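>>> no FASTA, just this:
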């Protein structure tokens, strides 16, 4: 199925709309805004409540946050993969609705919850990490770990590696998945029929220094080296 989502056709989008997966620093804010501009209802990373940071806050906090991010969808207090599957089925069956996810891809849960159309948006990992550590983004979180040049870089690199690995696993299993590299976002979005989504796209330059030192850059590149080569996107290798 070709999904045509030009701005002129935003009220006629075809179903089901794919779900999206991205990470901090990779353009997910623009992606959510652009999808909303096409007339879609976009759930903003509701799966983040499955991250250990949210799990340790207890079920009440997680249920409240999940509902806030999904426009009222209720999350069960009990663990179980069927809850993930049911939520994804709900999104797929709701007209003009999608979600931008992050944590379930990192946790390799998507491969366990039924074949579906998924688009991954990723950026070269050192540039993505540097962008995420901006004070206006998630610099406060990085500061809790000791700043950008700390073991926070290791945690981010592991998340990036696992997310990319989920894309590769789904692709190798024959799922209808796409990878949109941040660096070539307009071309890949247009290839998949989202012709209006790159309007007002203003990518930030990949300036990793002086924020990141050589050891931090080396940690991120070393941890992600194998999966970057498997992805085969030359600017990342």
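Thanks, I have it. Not measured: the values here are computed from a predicted model.
>>> drop to CA atoms for contacts and neighbour counts, all remaining ones
Noted.
>>> which residues sit against stretch 68-76?
42-46, 62-63, 66-67, 83 (CA atoms under 8 Å, 6 or more residues apart in numbering).
>>> so which of the residues you listed comes closest to residue 195?
Distances from residue 195 to those, taken as CA to CA, are shortest for residue 42 (17.7 Å).
>>> Could you pull up the mean pLDDT of the longest helix anywhere in the chain?
Scanning the chain for the longest helix, with DSSP state H as the assignment, gives helix 152-172. Averaged across helix 152-172, pLDDT comes to 97.
>>> Identify each buried residue in that helix, please.
Residues of helix 152-172 classed as buried by neighbour count (16 or more other CA atoms under 10 Å): 152-154, 156-168, 170.
>>> residues making contact with it?
With CA under 8 Å, 6+ apart, helix 152-172 has contacts from 23, 102, 105-108, 110-111, 120, 125, 129, 142, 145-146, 177, 179, 216, 219-221, 223-224, 227, 231.
>>> After the helix or strand hosting residue 85, heading C-terminal, what element do we hit next?
Residue 85 is part of helix 81-93 when elements are defined by DSSP states H and E. Using DSSP H and E, the helix or strand that follows helix 81-93 in sequence is strand 97-101.
>>> The next helix or strand after that following strand: how far from the chain's middle?
Using DSSP H and E, the helix or strand that follows strand 97-101 towards the C-terminus is helix 103-106. Distance of helix 103-106 from the chain centroid (CA atoms, centre = their mean, to the nearest Å) equals 8 Å.
>>> Against which helices or strands is helix 103-106 packed?
helix 152-172 (3 or more CA pairs under 8 Å, 6 or more residues apart in numbering; DSSP states H and E).
>>> and the angle from whichever helix or strand comes after the helix it packs on to helix 152-172?
Later in the chain than helix 152-172, the nearest helix or strand by DSSP H and E is strand 177-181. Counting by axes from the mean of the first three to the mean of the last three CA atoms, to 10 degrees, strand 177-181 lies at 140 degrees to helix 152-172.
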